[in-house]
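Colleague: After the sequence you'll find the predicted model.
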Amino acid sequence: QVQLVESGGGLVQAGGSLRLSCAASGRTFSDYTVGWFRQAPGKEREFVAVVSWRSGTRTLYADSVKGRFTVSRENAKNTVYLQMNSLKPEDTAVYFCAARPDPELQRVGTWYYYWGQGTQVTVSS
């Protein structure tokens, strides 16, 4: 069992930056691939980024965030980060982190075993 808690969301102006954190407790966090997803009001949940387990050397991004967002992990702190730069109003959503116990970089949320409660990100124009 892994418990995930997101933090770092808030209100920011367009062009600004935020860094989200996903803190884990429970089993060995380095054995989990961790993805970030988001859901805007009235829209379906969508994939944002994913970082591989262990050393976290492999990453994958949605086209909409590529070049603006960076996902990384710090296993010593049981934490995965999502650095978000050049934010746009369309990035406004609740952001969730999720974990799965294998190395595959999965874009589909249903393949993840554990989920956090989410953190709200609001980007004003």
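Modeller: Happy to help now that I have it.

Colleague: for the residue minimising distance to the centre of the chain, what are its contacts?
Modeller: In the chain, the residue lying closest to the centroid (Cα atoms, centre = their mean) is residue 36, at 2.6 Å. For residue 36, the contacting residues are 20, 22, 47-50, 71, 80, 82, 95-98, by Cβ atoms under 8 Å, 6 or more residues apart in numbering. For the C-beta atoms, the positions are set from N, CA and C on the backbone; glycine is no exception.

Colleague: Now with 10 Å, please.
Modeller: Counting by Cβ atoms under 10 Å, 6 or more residues apart in numbering, residue 36 touches 6, 20, 22, 47-51, 61-62, 65, 69, 71, 80-82, 84, 95-98, 116.

Colleague: The residue lying closest to it once chain neighbours are set aside: how many residues sit nearby?
Modeller: Among residues not flanking residue 36 along the chain, residue 48 sits closest, at 4.2 Å (Cβ to Cβ, 6 or more residues apart in numbering). Residues near residue 48, counting by other Cβ atoms under 10 Å, number 25.

Colleague: Residue 48 and residue 84, how far apart?
Modeller: 9 Å (Cβ to Cβ, to the nearest Å).

Colleague: Report the set of residues contacting both of these two.
Modeller: 20, 36, 65, 69, 71, 91, 95.

Colleague: can you list those in JSON lines and add distance to residue 26, pLDDT and secondary structure?
Modeller: Formatted as JSON lines, the shared contacts of residue 48 and residue 84 follow (distance: Cβ to Cβ, whole Å; pLDDT from 0 to 100; DSSP: H, G, I helix; E, B strand; the rest coil):
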{"residue": "20", "distance to residue 26": "20", "pLDDT": "98", "secondary structure": "strand"}
{"residue": "36", "distance to residue 26": "19", "pLDDT": "98", "secondary structure": "strand"}
{"residue": "65", "distance to residue 26": "28", "pLDDT": "98", "secondary structure": "coil"}
{"residue": "69", "distance to residue 26": "26", "pLDDT": "98", "secondary structure": "strand"}
{"residue": "71", "distance to residue 26": "20", "pLDDT": "98", "secondary structure": "strand"}
{"residue": "91", "distance to residue 26": "29", "pLDDT": "98", "secondary structure": "helix"}
{"residue": "95", "distance to residue 26": "21", "pLDDT": "98", "secondary structure": "strand"}
